[in-house]
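1. here's a sequence, model it:
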Amino acid sequence: MSEELKDEVLFEERRSASGPAVGVITLNVPKTLNSLTLNMVELMQAKLKEWRDRSDIACVFIKSAGEKALCAGGDVQALYRSAVEQPGGPCEYAESFFEVEYRVDYALHQFDKPVIVWGHGIVMGGGMGVYAAGSYRVVTEKTRLAMPEVTIGLYPDVGGSYFLNRMPENKGLFLALTGANFNAADALYLKSAEGFIEHQYQEEVLDALADTAWSTGVADNHERVLDLLKGFTDRCAANIPAGNVEAAAAEIDALCQAGDDVAVIEAIANAESDNTWVQKAAAALKAGSPLSARIIIEQLRRTHGASLKEVFKGELALSTQIVRGTEFAEGVRALLIDKDRNPAWKYATAAEIPAEELARMFESPWEESPLADL
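-> The predicted structure is shown next:
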């Protein structure tokens, strides 16, 4: 592997005063807003396995290079190339990427040691998968979270079927359908963050972690991290920016209770609201893929109450079916390749989608899932 590829993710071990180290992962491709590639998730998978098994690693801290983004998502242009090179059949790169990416996200969710994720700047798509899997999710004054897959003919994967279903009332459904951005205050309201800390304190937090007297007990170390971060969140509490989701809560709930799936999609897309954040969310759904909108609602319904393992297995099957089709490639073409922002979606409206086609999207492409061993 070339040095350039190795440098896409940086790994560091900061030794503490008591001996054990803080394992630091830095996503290091700021020119692409740290968008994830197959190489990056393979590097992370190997390192997380090593650190999980080592008694001298006390906790893990995930951050990014650059000031703009933790991670803007997966490298969808690479996924697009894979889809158009092998239309209709197995898309080798895309399917390998999804499998390893989901393994990394699952490993982070299951990591017994504390995992602190510094969610500064843009955190979208695949970045949300990494962020949401942290045991201590930190948001900052510039945090901008979203799952905007409806705009490219996909759906909120990377565990979105799990964490969106656990947001209050219909908020996860609304955010999934519209891809609406939400900030630090929103994340706290949605219980999608453990604390707000201003970005200027990132290195101070890392120094404090390195100065911690770590225990041999994992539970004790979780307590140490919680106590340490509380000092910083208390210091920054007065500077949390105003949010949008809580202020729109009643409106969101009303829109999401419009009736059947098509009625909900149409209600949100055609919402006449005085709230500019709701207006923008509605416009995004209206421009997005009608097939994706139907898939999103059905996927959240099917995974309600499902285990994390079942969620990722289901997401891998669904993502594979989607990338083997045409909707995703067309969405990426319109938004990122030709940039004409005029996708020719397969269906003009959500009501036109045949029930049998929607059902087919949820059929497994294999006899046994590649994630059966999770």
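
2. any stretches of this structure with poor pLDDT?
-> Along the chain, the parts satisfying pLDDT under 70 run over 1-4.

3. go with 80
-> 1-6, 86-88 (pLDDT under 80).

4. quick check: end-to-end length of stretch 12-30?
-> 18 Å (CA to CA, to the nearest Å).

5. what sits up against it?
-> 7-11, 34-37, 40, 44, 47, 51, 55-66, 68-71, 206, 209-214 (CB atoms under 8 Å, 6 or more residues apart in numbering). Quick note: C-beta positions are derived from backbone N, CA and C, even for glycine.

6. how far does it sit from its chain's centre?
-> 23 Å (CA atoms, centre = their mean, to the nearest Å).

7. repeat for stretch 186-195
-> 14 Å.

8. gap between the two ends of that stretch?
-> 11 Å.

9. list the buried residues of that stretch.
-> D186, A187, L188, Y189, L190, S192, A193, E194, G195 (16 or more other CB atoms under 10 Å).

10. before we move on, what SS does the first one have?
-> Read that as D186. helix (DSSP: H, G, I helix; E, B strand; the rest coil).

11. so it sits right up against A242, yeah?
-> No - using CB atoms under 8 Å, D186 makes no contact with A242, being 9.5 Å away.

12. next step: the contacts of stretch 12-30 restricted to strands.
-> Counting by DSSP state E, the part of these found in strands is 9-11, 57-64, 69-71.

13. are any of the residues you listed buried, and which?
-> The buried subset of the ones in strands among the contacts of stretch 12-30 - by 16+ other CB under 10 Å - is 9, 11, 57-64, 69-71.

14. any chance of the residues you listed in a markdown table, with distance to N270 too?
-> Supplementary listing: those in a markdown table, determined by distance: CB to CB, whole Å:
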| residue | distance to N270 |
| --- | --- |
| V9 | 43 |
| F11 | 48 |
| I57 | 52 |
| A58 | 52 |
| C59 | 47 |
| V60 | 45 |
| F61 | 44 |
| I62 | 40 |
| K63 | 41 |
| S64 | 37 |
| A69 | 32 |
| L70 | 34 |
| C71 | 33 |
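
15. show me which of those residues is closest to A250.
-> L70 (31.0 Å; CB to CB).

16. quick one: residues contacting that closest one.
-> 27, 34, 62-64, 117-123, 127, 130-131.

17. hmm, V104 is touching V130, no?
-> Yes - using CB under 8 Å, V104 is in contact with V130, at 7.4 Å.

18. neighbouring contacts of stretch 345-353?
-> So stretch 345-353 is contacted by 153, 261-262, 265-266, 289-291, 293-294, 326-327, 330-331 (CB under 8 Å, 6+ apart).

19. dump those residues into JSON lines; add distance to E223, secondary structure and neighbour count as well.
-> JSON lines is the format used below for the contacts of stretch 345-353 (distance: CB to CB, whole Å; DSSP: H, G, I helix; E, B strand; the rest coil; neighbours: other CB atoms under 10 Å):
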{"residue": "G153", "distance to E223": "44", "secondary structure": "coil", "neighbour count": "28"}
{"residue": "D261", "distance to E223": "44", "secondary structure": "helix", "neighbour count": "18"}
{"residue": "V262", "distance to E223": "48", "secondary structure": "helix", "neighbour count": "18"}
{"residue": "I265", "distance to E223": "45", "secondary structure": "helix", "neighbour count": "25"}
{"residue": "E266", "distance to E223": "49", "secondary structure": "helix", "neighbour count": "20"}
{"residue": "S289", "distance to E223": "45", "secondary structure": "coil", "neighbour count": "27"}
{"residue": "P290", "distance to E223": "48", "secondary structure": "helix", "neighbour count": "24"}
{"residue": "L291", "distance to E223": "47", "secondary structure": "helix", "neighbour count": "26"}
{"residue": "A293", "distance to E223": "43", "secondary structure": "helix", "neighbour count": "28"}
{"residue": "R294", "distance to E223": "45", "secondary structure": "helix", "neighbour count": "23"}
{"residue": "T326", "distance to E223": "51", "secondary structure": "coil", "neighbour count": "17"}
{"residue": "E327", "distance to E223": "47", "secondary structure": "helix", "neighbour count": "24"}
{"residue": "E330", "distance to E223": "50", "secondary structure": "helix", "neighbour count": "21"}
{"residue": "G331", "distance to E223": "45", "secondary structure": "helix", "neighbour count": "26"}
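
20. before we move on, the earlier item: more neighbours: which of V104 and V130?
-> Ranked by neighbour count (other CB atoms under 10 Å), V104 and V130 place V130 first, with 29 against 26.

21. ok, the more buried one - contacts?
-> L36, I62, L70, C71, V104, D105, L108, V117, V158.

22. can you give me the neighbour number for the residue nearest to the last one when sequence neighbours are not counted?
-> It refers to V158. Counting by CB to CB, 6 or more residues apart in numbering, V158 lies nearest to G129, which is 2.6 Å off, once chain neighbours are set aside. G129 has 31 neighbours, counted by other CB under 10 Å.

23. for the remainder of this discussion, apply numbering that starts at 54.
-> Happy to do that; since the first residue is 54 now, the last one works out to G182.

24. what distance do you get for the closest residue to G119 other than its chain neighbours to T269?
-> With CB to CB, 6+ apart as the criterion, G119 has its nearest non-adjacent residue at 3.0 Å, and that residue is P83. Going from P83 to T269 by CB to CB, to the nearest Å gives 37 Å.

25. tally up the residues packed near the residue nearest to G119, please.
-> P83, neighbours per other CB under 10 Å, totals 14.

26. please determine how far it is located from L230.
-> 30 Å.

27. for L281, same thing?
-> Taken as CB to CB, the span from L281 to L230 is 37 Å.

28. so for these two, which sits in the more crowded spot?
-> Shown here are L281 and L230; by other CB under 10 Å, L230 has more neighbours (29 against 17).
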